[in-house]
Every structure is written in C-alpha cells, then in structure tokens.
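J.: I'd like to go over a predicted model; first the sequence, then the structure.
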Amino acid sequence: MLAHNHQLRLRTAGLAGGLLVLGLGLTFLAGDASIYLFLPFLFSTLACVALLGSFCTLTPKGIYVGFHCFLWLLGLALSFLVSFWPGILLVIGASLLLFGAKRPILSALEGIDLLKGTQRAQPQPKDASAWYEAPPVELPLQ
C-alpha cells in the first residue's frame, strides 16, 4: 500500500510539473499575442498546478488548502481578464464560504478511497522519560 501511495504521489507531482511547464509556455505565447492575456493565463496555470499539486499530499487538509489556493489564483485570473477589481470581493466571499464549510469538506475528503490509510500515525513514546530529558541541575558550591 505504501509503495502504491508513493507511486501515486510521484505521478501526480509529475503531472503538476508538466502542467506548469506547458502552462508557462502557453502563457508566454498568449502574452506575445496580447499583453492583456499574460496575467490571466499565468494565474490560471498556477491555479491548476496548485490544485493538482495539492493532491500529491494525499491528505484531506492538503487538498483543502489546495482548493483555497485554486480559488484565489483563479479569482485573480478572472479579475485580470475582465479588469473588474471589485470582483475580488466575490473571491473573498467564496473563500469565507469555503472556510465555513471546512469540516464537511474535510469529512468528505476523508471518505475518498485513495486517501484512506495514507496518514501515518505519529509514534507515541511509552513513557514520559522517552521524550523529555530534564535539564542538568547545578548545585551551589559549599
């Protein structure tokens, strides 16, 4: 199972890297065609890469943070595309809604079969002396 998860992470990271290079190439081509398309293409490429890259974590919290990055970067791309800056208020509102729905989203992401069994349990020490070492005590000279 662990080797399968590692392969899935590598494939997803490879896809994200390939999408980044392809998107940057298209961004520079679009920038040559029209200077007004450069930033929308750039931010939409970064949004897609952030969302795909968040799946590399294989954790619900990592994917949730990727949704936030995707939302903000796509909002910036749309704001640059239509040149309507009050539209960023829509992105702020959507971000607040996404934050308010954090628990249902995380519980839905925990139900995905690919993410089950990927969280590693933190090893717990058997007793307190295993993780805490008392500082040395200096006795005064008499």
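T.: Alright, I've got the coordinates.

J.: Residue 15: how many residues sit nearby?
T.: Residue 15: 15 surrounding residues under other Cβ atoms under 10 Å. C-beta coordinates here come from the backbone N, C-alpha and C atoms, glycine included.

J.: Nearest residue to it in space, please, no chain neighbours.
T.: Residue nearest to residue 15 in three dimensions, not counting chain neighbours: residue 52, with 6.0 Å by Cβ to Cβ, 6 or more residues apart in numbering.

J.: Hmm, residue 14 and the one you found touching each other?
T.: No - counting by Cβ atoms under 8 Å, residue 52 sits too far from residue 14 to count as a contact (10.2 Å).

J.: Between these two, point out the one with more neighbours.
T.: Using other Cβ under 10 Å as the criterion, residue 52 and residue 14 rank with residue 52 on top: 19 against 11.

J.: dump the residue contacts of the more buried one.
T.: With contact taken as Cβ atoms under 8 Å, 6 or more residues apart in numbering, residue 52 is in contact with 12, 15-16, 19.
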